[in-house]
Every structure is written in structure tokens, then in C-alpha cells.
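In: This is the structure alone, sequence omitted:
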């Protein structure tokens, strides 16, 4: 087994098709005070553009509705075919005082891998 055995084969997506984030990326996440930082790293460099199109501040606001009103920031990290997301005010004051089940936001990236996205 190699480090890349878990990466799905590259494929072409059809306009209107529904996919999960995990179909195009893997994720890492963690806390930054009362904020969560989530990086989505494309499985293949060709998927980087899809990440930039599909995971936007508005999409994050949709996913985190009821948890925080943001703000939500997204940056492209083209050197590693990734996007980096920062979600403000989501940890109820921060890891040391938060009553959230995942007080450091470590699981949020993994949870969002199951989120649905529609190919434009």
C-alpha cells in the first residue's frame, strides 16, 4: 500500500451532477481561537479549479447556518492545488471554553467531506 492508494482515479464530471466534497478533495482542519481553519486539498491538480468554483464564502455560510454568521473567508493555494477556508466565531469562544462536541474543530473538515456539491 502506498500513500496515494486512497486517492480516487481522475474522472470527468458532468454539468448538473451531484458529488460529495470527498470525490475531489481531502481535508485538514483545526482551531485558531474562536475560528476554524479548513484546508481542502484537491486529489488531482485538475480539480483545483472546481474547488475554487464550488467552495465559496456563500457555500460555507450555507453549510454553517445555525452555527455562525461568519464571516467566511476562502483563499486559493495553487502551489498545492488547495483552498484554505477560515470560519469565524464558530467555536463558541474557542477550544478551551467551548461546549461544542468538537471544541477544536478537528472533525469539521472530515464532516464536510460528505457535503453535497453540484457541478456547474
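Out: Good, I have the coordinates. Everything numeric in this text was worked out from a predicted model, so none of it was measured. Numbering: from 1, shown residues only.

In: what about the strands in the chain?
Out: Assigned by DSSP state E, the strands in the chain fall at 18-20, 25-32, 35-42, 72-77, 82-87, 116-118.

In: Quick check: which ranges of this structure have low pLDDT?
Out: Along the chain, segments meeting pLDDT under 70 span 1-5, 91-107.

In: And the helices in it?
Out: In the chain, the helices defined using DSSP state H lie at 48-54, 57-63, 108-112.

In: Need the winner for burial among those helices.
Out: Of all the helices of the chain, helix 108-112 has the most neighbours on average by mean count of other C-beta atoms under 10 Å, namely a mean of 20. Glycine gets a C-beta too; all of them are placed from N, C-alpha and C.

In: Which elements pack onto it?
Out: Identification of packing neighbours for helix 108-112 by 3 or more C-beta pairs under 8 Å, 6 or more residues apart in numbering; DSSP states H and E yields strand 25-32, strand 35-42.

In: what residue is smack in the middle of the chain?
Out: Nearest to the mean C-alpha position of the chain, counting by C-alpha atoms, centre = their mean, stands residue 40 at 4.8 Å.

In: Check whether that residue really touches residue 54, as I assumed.
Out: No - between residue 40 and residue 54 there is no contact under C-beta atoms under 8 Å: 9.5 Å.

In: Pipe the helices of the chain into CSV and attach distance to residue 25 per row.
Out: Below are the helices of the chain laid out as CSV (distance: least, C-beta to C-beta, whole Å):
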stretch, distance to residue 25
helix 48-54, 6
helix 57-63, 13
helix 108-112, 10
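
In: so which of those helices comes closest to residue 24?
Out: Closest to residue 24 of the helices of the chain, according to C-beta to C-beta: helix 48-54, at 5.6 Å.

In: residues making contact with that closest one?
Out: In this structure, residues lying in contact with helix 48-54 by C-beta atoms under 8 Å, 6 or more residues apart in numbering are 13, 24-25, 40, 42, 76, 78, 81-83, 117, 119-120.

In: Could you measure from residue 27 over to residue 111?
Out: Between residue 27 and residue 111 the distance is 9 Å, computed by C-beta to C-beta, to the nearest Å.
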